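Peer 1: Turn this into a model:
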Amino acid sequence: DMPYTSLTVAPLKSKARCREKAENEYDGDFTRLIDIVRASIVVADEDQLLCVAKALQNEKVVRLKNRFKEPIFTGYSDALYNVEIEEII
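Peer 2: Numbers count the residues shown, from 1 in each chain. Reported below is the predicted structural model:
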C-alpha cells in the first residue's frame, strides 16, 4: 500500500514569479525563496497523514504551515512543508 492517495509534481516556479516574490515579500533577497520546486501529496485519512509526516521527519524541513491546527475560513485544512533539497541548484 502507498502511504498516500496521490502525488503531483508541479512545474518549477517561473523566473518572473520568483522575481516578483523576492521583490515584494523578501526585499529583493532571492536567497529567501524556498518554494521554487513544488509537489503535492494527498492523503485519504489520518493514518496516511501520520505516515507522510513521519517520513518527512527524516528530511530538513525549513518551514511548516500547519492548517490542521487553524483551518482556513472555509474549514479546509492541510499542512504545507518546505523541505530543503541539497544540491538542486
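
Peer 1: The nearest residue to residue 77 once chain neighbours are set aside: neighbour count?
Peer 2: Of all residues not flanking residue 77 in the chain, residue 71 sits nearest, at 4.0 Å (CB to CB, 6 or more residues apart in numbering). Bear in mind the C-beta positions are built from the backbone N, C-alpha and C, glycine included. Using other CB atoms under 10 Å, residue 71 is surrounded by 11 other residues.

Peer 1: And residue 71, how close does it get to residue 79?
Peer 2: Applying CB to CB, to the nearest Å, the value for residue 71 to residue 79 is 11 Å.

Peer 1: Residue 37 too?
Peer 2: 18 Å.

Peer 1: For the closest residue to residue 35 other than its chain neighbours, list the residues it contacts.
Peer 2: Nearest residue to residue 35, sequence neighbours excluded (CB to CB, 6+ apart): residue 82, at 5.9 Å. Counting by CB atoms under 8 Å, 6 or more residues apart in numbering, residue 82 touches 34-35, 61-64.

Peer 1: can you list the weak-confidence ranges in the chain?
Peer 2: 1, 87-89 (pLDDT under 70).

Peer 1: Just give the nearest non-adjacent residue to residue 60, would you?
Peer 2: Here the residue nearest residue 60, using CB to CB, 6+ apart, is residue 84, at 4.2 Å.

Peer 1: burial count for the one you found?
Peer 2: 11.

Peer 1: ok, it - contacts?
Peer 2: 34, 59-62.

Peer 1: Just read off the phi/psi values of residue 24.
Peer 2: Dihedral pair for residue 24: phi -80, psi -30, per degrees, to the nearest 10.

Peer 1: and the gap between it and residue 9?
Peer 2: 26 Å.

Peer 1: next one: residue 78
Peer 2: Residue 78 is 17 Å from residue 9, by CB to CB.
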